[in-house]
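[1] Turn this into a model:
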Amino acid sequence: MPATQSLPSPTEELVLAEAVPEEATTQLAASQPPVRLLIAEAVGEPALAASCVNQKITVPQSWPAYLWYTLCGTLEWLFGLASLCACLAVAAAIPIGQFVSLGYLLEASGRVARSGRLRDGFIDIDKFARIGSLVAGTWLVLLPLRLLSDLAYSAYLIEPGGASARAWRFGLLVCTVLAVGHILLAWYSGGRLRHFFWPLLAPFQFGLRLVFGKVVGPIVRPIVVAISPKLAHDLYVERPLSDWFPPAILWAGLRRGIGPMYAEARDAVWNFVVALRAPYYFWLGLRGFAGALAWLFLPVIMLIAGTTIPNGGGIVIGWLGAFLLAGVLLYLPFLQAHFACQNRFTAMFEWRAVRDQFRRAPIAFWFALLITLLFALPLYLLKIEATPREVTWLPALVFVVFIYPARLLTGWAVGRAMHRSNPRHFVFRWAARLTAIPIVLGYLLIVFFTQYTSWYGPASLFEQHAFLLPVPFLGL
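    Reported below is the predicted structural model:
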């Protein structure tokens with residue numbers, strides 16, 4: 001019986017190869033036009049120096065260099081975290097930016113819930129570190145100008161038309177031009193702190209480069225290689241000037257042309273701003289705010305009615321509002337984390353799903369609820385008196401520092417429940433339920449009396465910063 005042969009599909013072509021005589025091959029080659037050989041030129045290093053995204057970071061191999069690398073990376077991460085809190089506080093001080101700040105906190109909670117890892121809640125720390133270095137470096141460069149301006153103004157007050165006042169004014173003008181050019185160069189070079197202080201760092205870097213590269217290097221390097229080849233490899237890595245020296249970075253850009261240089265800088269700034277995803281955080285924060293307000297509106301209204309209605313009916317309404325608010329507080333932090341994880345507005349009202357999640361991680365839910373309510377209580381002290389608008393970001397910074405960890409822990413609790421399939425033992429479930437009741441009641445008692453100390457009185461009960469905007473007063 002003959003073997004079954006596979007037929008080609010309709011989309012395939014059946015190609016039959018046959019031998020071609022050597023004479024036909026020669027004639028075919030002679031009939032074809034000559035082929036031009038294009039030699040590809042290597043792209044110069046300055047063309048890649050401006051791109052900090054595609055650079056490959058080399059991890060040191062020796063433990064002394066690795067410790068230094070880890071220390072620098074940790075300090076940069078901590079600086080980025082501080083810059084992140086400052087940016088969220090500044091955004092919270094702006095009426096529209098308040099929803100961006102809340103959206104970032106919700107997104108951090110949602111990412112932790114999806115992955116189950118707390119480190120995933122620190123979003124874009126490297127980008128915020130760059131923003132912090134831009135702001136801090138620019139402020140430090142402008143600080144001598146402010147001092148010089150005060151001296152020039154003092155000279156003008158002493159002798160308005162004198163030579164000393166004119167000299168101070170001319171010196172201020174020259175220093176201003178130099179400072180602005182220096183700031184623009186640092187921004188173009190990448191905006192790191194070292195780019196702002198390169199006139200101070202460059203002499204030491206060039207000196208070390210000369211001494212260890214030309215003078216001491218030929219003598220010390222064989223000894224270091226004999227002791228530790230990995231250490232020698234990490235220490236004697238010569239970095240090009242266009243990688244760290246701002247004038248060399250500028251010269252590399254000018255060699256490519258003003259047009260390409262401007263296009264690269266424009267695209268880099270645009271990509272950086274787009275990568276921050278401010279519109280996404282605004283939309284997420286707006287929906288999270290609306291959902292939380294929908295849960296809080298009726299209980300808070302009943303609490304306010306209980307303190308404003310003089311007859312006995314007000315007391316009954318107030319007590320009912322307190323019990324309703326207690327039930328909302330048990331679910332609302334985890335409903336917001338569930339909403340941020342699913343990115344669906346209807347998830348804000350899926351309380352049965354949150355209840356099922358509690359059964360799979362009762363201790364984590366209890367701990368997250370404790371931290372959320374406990375960290376929210378000290379912030380009521382900042383509601384006693386209205387803050388001047390020009391320093392609103394200062395109390396907002398305190399709010400962000402206290403609310404951010406609570407959001408991360410809430411997402412962590414939801415993430416633990418999502419990554420488990422079986423409920424925990426009923427002893428742990430009921431222990432978490434019973435111990436959560438006094439926590440919520442104690443929080444309610446303190447919140448109830450804050451209306452007598454807060455700036456806006458009973459209306460301040462709507463300012464539930466643990467679930468709404470991270471600011472002391474709504475509408476700032």
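
[2] Low-confidence regions, this structure specifically.
    1-57, 211-214, 217, 237, 475-476 (pLDDT under 70).

[3] how distant is the helix or strand encompassing residue 147 from the center of its chain?
    According to DSSP states H and E, residue 147 maps onto helix 125-158. For helix 125-158, the distance from its own C-alpha centre to the chain's C-alpha centre is 25 Å (CA atoms, centre = their mean, to the nearest Å).

[4] got the buried residues for whatever helix or strand comes next after that helix?
    Reading on from helix 125-158 to the C-terminus, the next helix or strand found by DSSP H and E is helix 163-189. By neighbour count on 16 or more other CB atoms under 10 Å, the buried set for helix 163-189 is 165, 168, 172, 179, 182-183, 185-189. Bear in mind the C-beta positions are built from the backbone N, C-alpha and C, glycine included.

[5] same thing with stretch 131-142?
    Those would be 131-134, 136-138, 141, for stretch 131-142 by 16+ other CB under 10 Å.

[6] how far away is residue 262 from residue 445?
    62 Å (CB to CB, to the nearest Å).

[7] sorry, that was for residue 249
    Applying CB to CB to residue 249 and residue 445 gives a distance of 60 Å.

[8] which of the two has more neighbours?
    residue 249 (22 against 10; other CB atoms under 10 Å).

[9] hey, C-alpha coordinates of whichever strand or helix holds that one in CSV?
    Secondary structure assignment for residue 249, by DSSP H and E: helix 246-256. As requested, the backbone C-alpha atoms of helix 246-256 are provided in CSV (Å, rounded to 0.1, in the frame of the first residue of the first chain):
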residue,chain,number,x,y,z
PRO,A,246,27.2,68.1,30.3
PRO,A,247,29.4,70.2,27.9
ALA,A,248,30.3,67.0,26.1
ILE,A,249,26.6,66.0,26.0
LEU,A,250,25.7,69.4,24.5
TRP,A,251,28.6,69.2,22.0
ALA,A,252,27.4,65.7,20.9
GLY,A,253,23.9,67.2,20.3
LEU,A,254,25.2,70.1,18.4
ARG,A,255,27.2,67.8,16.1
ARG,A,256,24.0,66.1,15.1
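
[10] Check which residues of it are buried.
    In helix 246-256, the ones that count as buried by 16+ other CB under 10 Å are 246, 248-250, 252-253.

[11] and if you look at stretch 440-456?
    Neighbour-count burial for stretch 440-456 [16+ other CB under 10 Å]: 440, 443-444, 447-448, 450-451, 454.

[12] just checking, what packs against whichever strand or helix holds residue 365?
    Using DSSP H and E, residue 365 falls within helix 362-376. When contacts are defined as 3 or more CB pairs under 8 Å, 6 or more residues apart in numbering; DSSP states H and E, helix 362-376 sits against helix 312-342, helix 393-418, helix 426-450.

[13] Same list, those, but as TSV with distance to residue 381 please.
    Formatted as TSV, the helices and strands packed on helix 362-376 follow (distance: least, CB to CB, whole Å):
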stretch	distance to residue 381
helix 312-342	20
helix 393-418	10
helix 426-450	9
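
[14] and among those, the most buried is which?
    helix 393-418 (a mean of 23; mean count of other CB atoms under 10 Å).

[15] quick one: it to helix 312-342, angle?
    Relative orientation of helix 393-418 versus helix 312-342 (axes from the mean of the first three to the mean of the last three CA atoms, to 10 degrees): 70 degrees.

[16] Compute the inter-axis angle for helix 393-418 and helix 362-376.
    Using the same axes, to 10 degrees: helix 393-418 against helix 362-376 is 170 degrees.

[17] Nearest residue to the middle of the protein?
    residue 124 (3.6 Å; CA atoms, centre = their mean).

[18] Verify the contact between that residue and residue 278 for me.
    No. Contact between residue 124 and residue 278 fails when scored by CB atoms under 8 Å: they sit 11.2 Å apart.

[19] circling back: name the nearest of the buried residues of stretch 440-456 relative to residue 372.
    Residue 372 lies nearest to residue 443 out of the buried residues of stretch 440-456, by CB to CB, at 9.3 Å.

[20] Contact partners for the residue nearest to the closest one when sequence neighbours are not counted?
    Leaving aside its chain neighbours, residue 443 sits nearest to residue 373 (4.3 Å; criterion: CB to CB, 6 or more residues apart in numbering). Applying CB atoms under 8 Å, 6 or more residues apart in numbering to residue 373 gives the contacts 329, 439-440, 443, 466.

[21] at 7 Å what do you get?
    Neighbour list for residue 373: 439, 443, 466 [criterion: CB atoms under 7 Å, 6 or more residues apart in numbering].

[22] for these, which one is nearest residue 98?
    When the contacts of residue 373 are compared against residue 98 (criterion: CB to CB), the nearest one is residue 466, at 14.9 Å.

[23] The closest one in helix, strand or coil?
    coil (DSSP: H, G, I helix; E, B strand; the rest coil).

[24] which residues touch it?
    By CB under 7 Å, 6+ apart, the neighbours of residue 466 are 372-373, 376, 403, 406.

[25] Residue 292 now?
    332, 336, 467-468.

[26] before we move on, the earlier item: what's the spacing between the residue nearest to the centre of the chain and residue 196?
    22 Å.

[27] same deal with residue 291?
    As judged by CB to CB, residue 291 and residue 196 stand 43 Å apart.

[28] Counting neighbours, go ahead and name the busier of these two.
    Legend: neighbour count by other CB under 10 Å for residue 291 and residue 196, higher for residue 196 (25 against 20).

[29] Does that one touch residue 135 like I think?
    No. Between residue 196 and residue 135 there is no contact under CB atoms under 7 Å: 10.9 Å.

[30] Surely residue 104 touches residue 88?
    Yes. If you go by CB under 7 Å, residue 104 and residue 88 touch, sitting 6.1 Å apart.

[31] overlap in contacts of the two?
    Joint contacts of residue 104 and residue 88 (CB under 7 Å, 6+ apart) do not exist.

[32] how far away is residue 274 from residue 267?
    10 Å.
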